[in-house]
Each structure stands twice: as C-alpha cells, then as structure tokens.
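Engineer: With the sequence up front, the predicted model follows.
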Amino acid sequence: MAGAAADATRSRSELLLENALLRHQLVVYRRVTSRPRLTAAERGFLVFLASRLRTWADALVLVRPTTVLGWHRQGFRLFWRRPSAPRVTAARIPAETVTLIRPLAAENRLWGADRIRGELLKLDVRVSKRTIQKYMRPARPPRRAGQTWVTFLRNHADAVWACDFLPVTDLCFRSLYAFFVIALGSRRVVHVGVTRHPTDAWAAQQLREATPFGERPKYLIRDNDSKYGPCFDRVATASGICILRTPVRAPRANATCKRFLGSVRRECLDHVLALGEAHLRRVLRAYAAYFNWARPHRGIGQAIPTGATPIEPPD
C-alpha cells in the first residue's frame, strides 16, 4: 500500500524511466544462465537511465549503486582523456644537436643533464634540461633491476643482525676493542665483548656466545675487517647464518650498527675513562642493559627494544 501511494505521487516520466531501467535489467538477466555480464553499451545505457531518474538506486537489482557510479566516473575519464592528452609535437632541435647529446651521455656515465647542458653551452648550443634527459635515455643502458639494499633491510629486518668493532683507548693509552652484535629489527644489543687482542678465534667465540640455544638470525652483516677470518665464517655457517659482507668504503651499508657505535661514544665513553679491560666490559654491559630496557628509539617508533613499549612524546 505504501509503495502504491508513493507511485501515485510520481510523474509519468519517472515511472516510464523506472520501468525501462527494470526491463533492461530483466533482459540482461534472461540472456544467460550464469552470472550476467553487461557489455559496454548496456553499461552506458544503465548510466544514462540512472542520470535521468531521481530514484535510480532503488530500481537497481543486478548491480550496486556504487558500481553504476564507477561506470559514470569511467565514462568521464574516457571523455576527457583525449582533450587532456599531451600533444606530441615534432622535435624543434636540429639533428646535429641530438648527435652531440647522445655521445656525451654514452661516453660520460657520471655526467647528468646539467653537466651536458653546460658542455653544450660552451659550443653556444642552448638546449633545455628536459630535452637533454629525453635523448640521454636511449644512449645509456637501463638500471639494474632488483631489490635495493634499503628494501632488503626493511623487509628482513627481524631476521638480520649486524656486528662491528669499536676501538677504545684506556687510561694508560693502550688499545681496547669492543665487539657488539645488534638486532636490526628491534635495535636490541644482543652481545657485548671486550678484548685487547681481537683475533679470528676470539671473534668466532663471541659469535658462539651471542647465539646460545639456537637463537640466531638468518643474516649477519659485517665489514671486511681482517679480524673476521675463516674460523668466524665456519661458526656462522655451522649455525645456519648467512654472512653478508658490506662493500668497501660503504659505512651506510651497516648504518644501524654504525649509528649505535656513535651512540655508545656520545652517551657513554665520552663521559667515562676506561681503567682496563674488565672495567670497560662492566661499563659497556651496563650501557647495553640501559640501551635495551630504558632507552627509546626513533627508528622503532620511540619504543624500547626489549619491551617494545611506545613512549608518548612530550607536548
């Protein structure tokens, strides 16, 4: 009764449009036995009827109103794609200039567009940077495809540890070496060791102590220091750890561990004078306990490595 009363107040044109919309959906539904699929013309006709009918959403049976709205937006994009497309014009620079740009780009791989533009200005050839970049691409091979180092560390941070040595001078100006193992995912200090004579056997023993009871990472980042020898690599291989060597003169490849060593110097060793090997070991283990249990880190959202408890920043 309520629906009939509502239809009595509607105009004849609205009723005709609604009947056409329902009849069109019924034709599509009877055409196939499985899930009906509308052609592009049928979608356009539905969009046209929906644009003319005020209560079009209530008359839809086969599709949802959001689907019709999506078709409508797609039609707008198709309509404006051609007027908005960039107009391709012929090159306005002579062929001699192009033959100058391509050899310069191919023979000087370290030169960018600005450098090549400067070289062309010496010859009184004025070309924009964008034009030079356009003709540089075919002259140079594409970049090597694959995962970058930053992406690898971000994806496997929970399975990666890093280790490094920190040289320290004691009260009597003798050299000491502190060895640290850091978990990249949580920034946790896994192991601390101190010695006066860092050898391959000593470093291998530190790796054994850092991986007790099967606790081990999948990857271990280290540099090419001579302190890591075949004994260290054998212990890592026996434990199922894959050693990742950083490139030569690339400290950013082990940036998390290098940053931790800087924190050790700024926050601890710059304020303490080491009396000897045992004293330095006690100091660094105390700092590692503070680092793991009380110090928040920006790299993990101001959380604590062991407890992972976020700390609210001050107002």
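Structural biologist: Looks like it came in fine.
Engineer: residue ranges of the strands in the stretch 51-200 of the chain, please?
Structural biologist: For the stretch 51-200 of the chain, applying DSSP state E, counting those that start in this stretch gives strands covering 160-169, 175-183, 188-195.
Engineer: buried residues in the second one?
Structural biologist: Along strand 175-183, these residues count as buried under the neighbour rule (16 or more other C-beta atoms under 10 Å): 176, 177, 178, 179, 180, 181, 182, 183. (Each C-beta comes from the backbone N, C-alpha and C, glycine too.)
Engineer: do the first one as well
Structural biologist: The neighbour-count criterion (16+ other C-beta under 10 Å) identifies 160, 161, 162, 163, 164, 165, 166, 168 as the buried residues of strand 160-169.
Engineer: How much space separates residue 55 from residue 257?
Structural biologist: 66 Å (C-beta to C-beta, to the nearest Å).
Engineer: Residue 12 now?
Structural biologist: 79 Å.
Engineer: ok, the two, which is more surrounded?
Structural biologist: residue 257 (23 against 7; other C-beta atoms under 10 Å).
Engineer: Which secondary structure elements does the helix or strand containing that one sit against?
Structural biologist: Using DSSP states H and E, residue 257 falls within helix 255-267. Counting contacts by 3 or more C-beta pairs under 8 Å, 6 or more residues apart in numbering; DSSP states H and E, helix 255-267 packs against strand 160-169, strand 175-183, helix 277-293.
Engineer: Just the closest of the buried residues of strand 175-183 to residue 118, please.
Structural biologist: Nearest to residue 118, judged by C-beta to C-beta, of those is residue 182 at 44.6 Å.
Engineer: residues touching that closest one, list them.
Structural biologist: Residues near residue 182 by C-beta atoms under 8 Å, 6 or more residues apart in numbering: 161, 162, 163, 188, 189, 190, 256, 257, 260.
Engineer: Residue 268 too?
Structural biologist: 283, 284, 287.
Engineer: Is it possible to mark the buried ones in those residues?
Structural biologist: 283, 284, 287.
Engineer: who touches the first one in this structure?
Structural biologist: Residue 283 makes contacts with 268, 269, 272, 274, as judged by C-beta under 8 Å, 6+ apart.
Engineer: among those, which ones are buried?
Structural biologist: 268, 269, 274.
Engineer: Closest one of the residues you listed to residue 93?
Structural biologist: residue 269 (60.3 Å).
Engineer: tell me the pLDDT at the closest one?
Structural biologist: Residue 269 is assigned 95 on the pLDDT scale.
Engineer: Residue numbering should commence at 770 henceforth.
Structural biologist: Taking 770 as the first residue, the last one we looked at is residue 1038.
Engineer: Correct me if wrong: it contacts residue 937.
Structural biologist: Yes: using C-beta atoms under 8 Å, residue 1038 is in contact with residue 937, at 6.3 Å.
Engineer: can you list the helices and strands packed on helix 1024-1036 in TSV and add distance to residue 898?
Structural biologist: Listed next are those as TSV, based on distance: least, C-beta to C-beta, whole Å:
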stretch	distance to residue 898
strand 929-938	40
strand 944-952	43
helix 1046-1062	47
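Engineer: a markdown table for these, including distance to residue 976 and mean pLDDT?
Structural biologist: Shown next, in a markdown table, are the helices and strands packed on helix 1024-1036 (distance: least, C-beta to C-beta, whole Å; pLDDT from 0 to 100):
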| stretch | distance to residue 976 | mean pLDDT |
| --- | --- | --- |
| strand 929-938 | 8 | 96 |
| strand 944-952 | 8 | 96 |
| helix 1046-1062 | 17 | 95 |
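Engineer: quick one: the closest residue to residue 820 other than its chain neighbours from residue 897, how far?
Structural biologist: Using C-beta to C-beta, 6 or more residues apart in numbering and skipping residues adjacent in sequence, the residue nearest residue 820 is residue 841, 7.5 Å away. Separation of residue 841 from residue 897 (C-beta to C-beta): 40 Å.
Engineer: How far away from the center of its chain is the helix holding residue 1026?
Structural biologist: Taking the mean of its C-alpha atoms, helix 1024-1036 sits 24 Å from the chain's own mean (C-alpha atoms, centre = their mean, to the nearest Å).
Engineer: can you give me the angle that helix makes with strand 944-952?
Structural biologist: 130 degrees (axes from the mean of the first three to the mean of the last three C-alpha atoms, to 10 degrees).
Engineer: mind listing what's buried in helix 1024-1036?
Structural biologist: 1024, 1025, 1026, 1027, 1029, 1030, 1033.
Engineer: CA atoms only for it, dumped as PDB, please.
Structural biologist: The C-alpha coordinates for helix 1024-1036 follow below in PDB (Å, rounded to 0.1, in the frame of the first residue of the first chain):
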ATOM      1  CA  ALA A1024      74.200   2.100   9.100                       C
ATOM      2  CA  THR A1025      72.300   0.900  12.100                       C
ATOM      3  CA  CYS A1026      75.300  -0.600  13.800                       C
ATOM      4  CA  LYS A1027      77.500   2.400  13.000                       C
ATOM      5  CA  ARG A1028      74.800   4.700  14.500                       C
ATOM      6  CA  PHE A1029      74.800   2.500  17.600                       C
ATOM      7  CA  LEU A1030      78.600   2.800  17.900                       C
ATOM      8  CA  GLY A1031      78.200   6.600  17.700                       C
ATOM      9  CA  SER A1032      75.600   6.500  20.500                       C
ATOM     10  CA  VAL A1033      78.000   4.400  22.600                       C
ATOM     11  CA  ARG A1034      80.700   7.100  22.200                       C
ATOM     12  CA  ARG A1035      78.500  10.100  22.700                       C
ATOM     13  CA  GLU A1036      76.400   8.800  25.600                       C
END
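Engineer: Many thanks, we can stop here.
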